[in-house]
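> no sequence for this one, just the structure:
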């Protein structure tokens, strides 16, 4: 009789760089082949919470293409020089086991306004995804599954009235309206229907529409997003409060992001870049309290691979209106920065579910560029919220 | 009959770059020739406290050499390209008035182990300084004088038992022991004796010795220091918390400071640099919670003048122990960054005195590299302390 | 009787930042108020050539708007913090004298495809400009006039067959075809007709079309361009040869240019940016000998004014195919970098004319992003060409 | 009968990072496991010279400690993340073969003023080294051996009269005067005695003393050095000519070098750093033609390993004496940058020997920080010298 609790993680985009790195990292930690650096749930005080252990987590998910984790991991190790090929070789059997839980579902990606005639009906897609998740639960005797969206950037879609109410949204599903329903909405809908906590790490819409948040409320569901805060925005929201604390007036904050991974390739498409750029501008002026000139370039530079290089110039005025500058260069590996946040959030979502919490998990705001229901963008204040949550539970 | 309250500021090092910039800036703001950018007391919520207004502040002080504020200001404007020569010309009459309150006291500087035979007795120096401050109060009918130490770096002196008790310290004064009494101690002693709040913006000893803190406690005095946090350390203590919030392990944090002002010239002297460098290393590992490799270079580069250029490289490990880097370059003008902090602290010290507060003004911790009686080095948490103090008074 | 030789400089865009800085600088040097730093003709061996002296140069020109050099110079001194307001005040009378030689000719600017009905005929514009130049010569008894194009960026125009032969080009003039004739072509035409050496410091077309080069050949005219090499491209063409000398393979060379002057404002217009960006990409792969990923961002950042800040990331492979990086940040003032090159080239063009040289002045290649008739882009090899020219004349 | 020519390379410091990388790289290229990027002899026009092929080169040498190339290479691959562990595994048998040619000779290292009583006599050391080299030649039927000094930095030794003449120098050898004879001198002496071309890639003395250059002249020997130009100095000597070409006056050029390899560890010793720092300052003012403020920090930062990170700030004046700045950050792997230069120089030294050239190989100046008998420091002019040499031979 198996009495150890087990929690499943359903990854959308399970063969992407972040997902593959997450899986390799979790296995490496579990097998004592790497430290737990980068996991905030491994550091005090969060490590004192009674969180699900890495070895209790089981990976599953779907992707638009059929690959294997081993080849993906090997390719990343060679292209991005992050984890070593030797490590990947050691983990090969365990990676292969996980492959059995990952399904190729290319139909779970489409672009509004550009739909194939014979693309399956939305209702059929919902059933197919639900079926896979339920089978995953059965196979591994899971206590719970948490869905994490790690898919590529979707095209931007203006929200309409139909997205506000659950019934009108479900009407869109029934009428197979793929111009108004995005893949990320469909997945979030399935998660909530199946009582799975849902985390959206992408800038895509996901659970952002009112209809889905109402569904969550009705179901007592847990959810959070959007858009993981891993690089330049992390730095912006860590640094901007310094200018506030000294009443230094930021005139311009210009950022250039160079990246060579799939994310960069897709953001080269101006339309898909819109979600991203919108998010980046807003957080700065929210922290500073005034509008400023804040341009952002996102350039695709293939040779950099997953190593995002960001340069920011901050032009500010001090006493006697004297202009001064600071600049920084950030050379971080996107997947390496993103993957541990997923592991942290899955553990915290599992914890919240165990404690029968519901609604948006606002204590996770520090992990996101546009945290749902939270106006605060300062990283430090957001992190205080997570610490506050932690201490409340430790003092129970 | 003059009923408007007036507060004096006694500057030690009144012809230095910071003091001159402070005086020019205060006059420029008062005459609407510059904005109040850089003053945190000019921003909400601090601007809602009932603080002394710039026009109620009167400058006096002493310096080791005899100069005029006008020539000093003009020289700065040409050398450092901060405020304009045209502005200095407009303020000339007001600068000349302040010169009348500034005294050349070269005897108030000496080096232990290297004292002239005919250097005046410490008791005589105490009397002379006390006399000047009292005359300043009388001349301007001041309600209060706040002493601010802006002198150049002193040589490092190991603290001894004689510095622990007030009586043994006063014995050093009586026996004219200039090898054990530093100029900064003598000035702090005078301030406390005269019930003047005392602020030490330098890395010098000042009020740091136990004997003087006991004197302050006996007198109900107000004091704070040490070493203004204006450039690289400001950034370090603003950025380091980000690495904590993501459990990224900083392996090395290397800093290079280039500066061409008098401060840089004096810090080229290895012995005087010791106070400074000691302070810089400690704050990082205090925030991060573990020891790290944190080298610091301070190089004198005359052509840069007051424009301190700092470059820091941060080498850190993330998930799967992957090494990553970030670097920043800070190009700030030292005096322009320092001067408004003095104005802020003088206003807040005056406020504290009005409210009959006593002891170390720990709510000013965010302004210092080594804040007295405060272990916290995170800029954000220190700033929260100042906000907390402010809200407490606003809610009274 | 005046026997001292005098040379006129006809500036197109005479009230722009570069022209104003050039005039202020030339006067400052002449009046011993500034050194001759930045002038290569002031350094050995070029200073041994018998070049026209600064005091023999007389400024004239036209601009699209009516201003005064004094107000322009004062505004630059305040906005850009380059030369001081005090200097401008000293030069006021001399600046006012030059104003008398500058004409507002707004009609000398138009955009193909967007012409006012009552815009004067091209032939009339030619006559008007010729008249002004001739009057300038008479008034100052000039031995020679050199025309320098410093106008703002024009829209890009595809070259057509009509631009290849002088007769077809003159036909365009006669038929007032403003969709096929750009302002820069018209000015170059006038210069060549009047036997004035012509220098195009802009990316605009100017003398680039075959028809005008044929006219120059017929007339024995001197000309050169295009597009002054002052900032990021200067650095690129100085650094790229290092990678060649070590057989290091540049994979990507990404550049971001931030600037806040009028040039930046106009380049924000994508169409006008095209000339510029085309030029920048080509020089790198010409030096390196292979194609590479070389993206360029040009962003308008008003607060920076004339201080162009460029950041470049160079991602290259070395031995064992190991990827490495270098990055640089260039913080230079555009006008300050450009103005001395004009003075250098005017002196050298005058020298060439005295020596009855004709055709493209290819020894000036080092001053341009796209030097006419020169394939070589390495700054060092281009500079060798100028030194070679100099030594040839010195050895005559 | 073996008729293919074979050339030996005798490495001093054969288990160091550079030597190991050189050997791995040469084998990788030979086995088509890496490209020949980084080798200037692999690019036109040098690749048209009839140079010895990589597969004709045989490695041997000595080191102060006994290791194996395989463990050294594996350790580098893990510590420095340059070449991969998988590559090292593939080359294991070939690395093991080379180990047989490498001898542990700890006696070939000593410090003047700090000599063990029982340290062998210098004459005995000469015999031992000569014996090893002769045995190497015999074993592999080598046509020629080229000695390359890759040893760690020696302490600085003031040159004395005894170093000027061959007979007085040989007297030092006979009298076993280890306070006046450095290990690098002894090795160079052996090389020249055995008619081996000698290359000194270190800042150590080697062949720099007059006595040894006289010996070389007598023997018709080939030699060159000193101190490989791989990182910051490479950049300095590539960039400084740009400031000359524009007559921009460099006021300060400040450099900070962070490195974590053995070289960095040893340079932390102030005395050993002296050779290095001396060299770095001189080249800049030689190129610029005037003295300037050029400070250099060399800091040991273990976490960086072989990845030298250098930041330079260049503060310069332009037209109207306006101060401007540029800064660069160089992130290069020391061994990866150094190793191919050795391979290039060995091939070129072999070529020179085949052509019966003698004396200092001044055409190799571009590879060194302090090239023997060459005043020119500009990388570009030095590279022209190598190209000139190449074209002369190609046109023979």
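Noted; the coordinates are in hand. Keep in mind that what you see is a predicted model, and the values were worked out from it rather than measured. Residues are numbered from 1 along each chain as shown, chains lettered A, B, ... in the order given.

> test my guess that residue A:238 contacts residue B:240.
No: contact between residue A:238 and residue B:240 fails when scored by Cβ atoms under 8 Å: they sit 9.5 Å apart. (C-beta placed from N, C-alpha, C; glycine too.)

> would stretch A:354-373 count as contacting chain B?
Yes: judged by Cβ under 8 Å from any Cβ of the partner chain, stretch A:354-373 comes into contact with chain B through residue A:366.

> ends of that stretch, what's the gap?
22 Å (Cα to Cα, to the nearest Å).

> how much space separates residue A:86 from residue D:85?
Separation of residue A:86 from residue D:85 (Cβ to Cβ, to the nearest Å): 5 Å.

> and residue A:293, by the same measure?
48 Å.

> so which residues of the stretch 101-250 of chain A form helices?
Taking DSSP state H, counting those that start in this stretch to define them, one finds helices in the stretch 101-250 of chain A at A:122-140, A:166-174, A:183-193, A:210-219, A:232-245.

> brain fart, the stretch 251-396 of chain A
Using DSSP H, counting those that start in this stretch, helices in the stretch 251-396 of chain A cover A:262-267, A:270-288, A:334-354, A:379-394.

> format these as TSV; extra columns: distance to chain D and mean neighbour count.
Formatted as TSV, the helices of the stretch 251-396 of chain A follow (distance: least, Cβ to the nearest Cβ, whole Å; neighbours: other Cβ atoms under 10 Å in any protein chain shown):
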stretch	distance to chain D	mean neighbour count
helix A:262-267	21	19
helix A:270-288	24	17
helix A:334-354	13	25
helix A:379-394	25	18
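
> now distance to chain C too, for the ones you listed, in JSON lines please.
Output for the helices of the stretch 251-396 of chain A, formatted as JSON lines (distance: least, Cβ to the nearest Cβ, whole Å):
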{"stretch": "helix A:262-267", "distance to chain C": "11"}
{"stretch": "helix A:270-288", "distance to chain C": "12"}
{"stretch": "helix A:334-354", "distance to chain C": "16"}
{"stretch": "helix A:379-394", "distance to chain C": "24"}
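
> quick revisit: and among the helices of the stretch 101-250 of chain A, the most buried is which?
Mean neighbours per residue, mean count of other Cβ atoms under 10 Å in any protein chain shown, is largest over the helices of the stretch 101-250 of chain A for helix A:183-193, with a mean of 25.

> for that one, packing partners?
Other helices and strands packing on helix A:183-193, by 3 or more Cβ pairs under 8 Å, 6 or more residues apart in numbering or on different chains; DSSP states H and E, are strand A:7-12, helix A:122-140, strand A:144-149, helix A:166-174, strand A:198-200, helix A:210-219, strand A:222-225.

> let's have these in CSV, adding distance to chain B.
Converted to CSV, the helices and strands packed on helix A:183-193 look like this (distance: least, Cβ to the nearest Cβ, whole Å):
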stretch, distance to chain B
strand A:7-12, 16
helix A:122-140, 25
strand A:144-149, 16
helix A:166-174, 36
strand A:198-200, 17
helix A:210-219, 27
strand A:222-225, 17
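
> need the residues of the stretch 151-300 of chain A near chain B, please.
Residues of the stretch 151-300 of chain A lying near chain B (Cβ under 8 Å from any Cβ): A:234-235, A:238-239, A:241-242, A:244-249.

> tell me the one of these nearest chain D?
Nearest to chain D, judged by Cβ to the nearest Cβ, of those is residue A:235 at 16.8 Å.

> show me the contacts for that closest one.
A:310, A:312, A:328, A:330, B:242, B:326 (Cβ atoms under 8 Å, 6 or more residues apart in numbering or on different chains).

> if you set the cut-off to 6 Å instead, what comes out?
Taking Cβ atoms under 6 Å, 6 or more residues apart in numbering or on different chains, we find residue A:235 in contact with residue A:330.

> ok, now residue A:38?
Counted by Cβ under 6 Å, 6+ apart, residue A:38 has contacts A:340, B:247, B:318-319.

> dump those residues to CSV, plus pLDDT.
Shown next, in CSV, are the contacts of residue A:38 (pLDDT from 0 to 100):
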residue, pLDDT
A:340, 98
B:247, 97
B:318, 97
B:319, 97
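
> in TSV: those residues, plus distance to residue A:181.
Formatted as TSV, the contacts of residue A:38 follow (distance: Cβ to Cβ, whole Å):
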residue	distance to residue A:181
A:340	32
B:247	38
B:318	36
B:319	34
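
> most neighbours, which of those?
Within the contacts of residue A:38, neighbour counts (other Cβ atoms under 10 Å in any protein chain shown) peak at residue B:319, which reaches 32 neighbours.

> okay, and the nearest residue to it once chain neighbours are set aside sits in which element?
Once flanking residues are discounted, residue B:319 sits nearest to residue A:38: 3.5 Å by Cβ to Cβ, 6 or more residues apart in numbering or on different chains. In this structure, residue A:38 sits in neither a helix nor a strand according to DSSP states H and E.

> so which of the helices of the stretch 251-396 of chain A is nearest residue D:349?
helix A:334-354 (44.1 Å; Cβ to Cβ).

> contacts for that closest one, please.
In this structure, residues lying in contact with helix A:334-354 by Cβ under 6 Å, 6+ apart are A:7, A:9, A:17-18, A:21-22, A:25, A:38-41, A:51-52, A:82, A:144, A:146, A:148, A:197, A:199, A:222, A:228, A:230, A:306, A:308, A:361, A:364, A:367, B:318-319, B:322.

> picking that back up, could I get the helices of the stretch 101-250 of chain A as JSON lines with mean pLDDT?
Formatted as JSON lines, the helices of the stretch 101-250 of chain A follow (pLDDT from 0 to 100):
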{"stretch": "helix A:122-140", "mean pLDDT": "97"}
{"stretch": "helix A:166-174", "mean pLDDT": "96"}
{"stretch": "helix A:183-193", "mean pLDDT": "97"}
{"stretch": "helix A:210-219", "mean pLDDT": "93"}
{"stretch": "helix A:232-245", "mean pLDDT": "96"}
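
> please identify the buried residues of stretch A:294-303?
A:294-301, A:303 (16 or more other Cβ atoms under 10 Å in any protein chain shown).

> compare the helices of the stretch 251-396 of chain A and give me the one nearest residue A:189.
Using Cβ to Cβ, the nearest of the helices of the stretch 251-396 of chain A to residue A:189 is helix A:334-354, at 17.8 Å.

> how far is that closest one from where the chain is centred?
9 Å (Cα atoms, centre = their mean, to the nearest Å).

> what angle separates it from strand A:7-12?
Going by axes from the mean of the first three to the mean of the last three Cα atoms, to 10 degrees, helix A:334-354 is angled at 130 degrees with respect to strand A:7-12.
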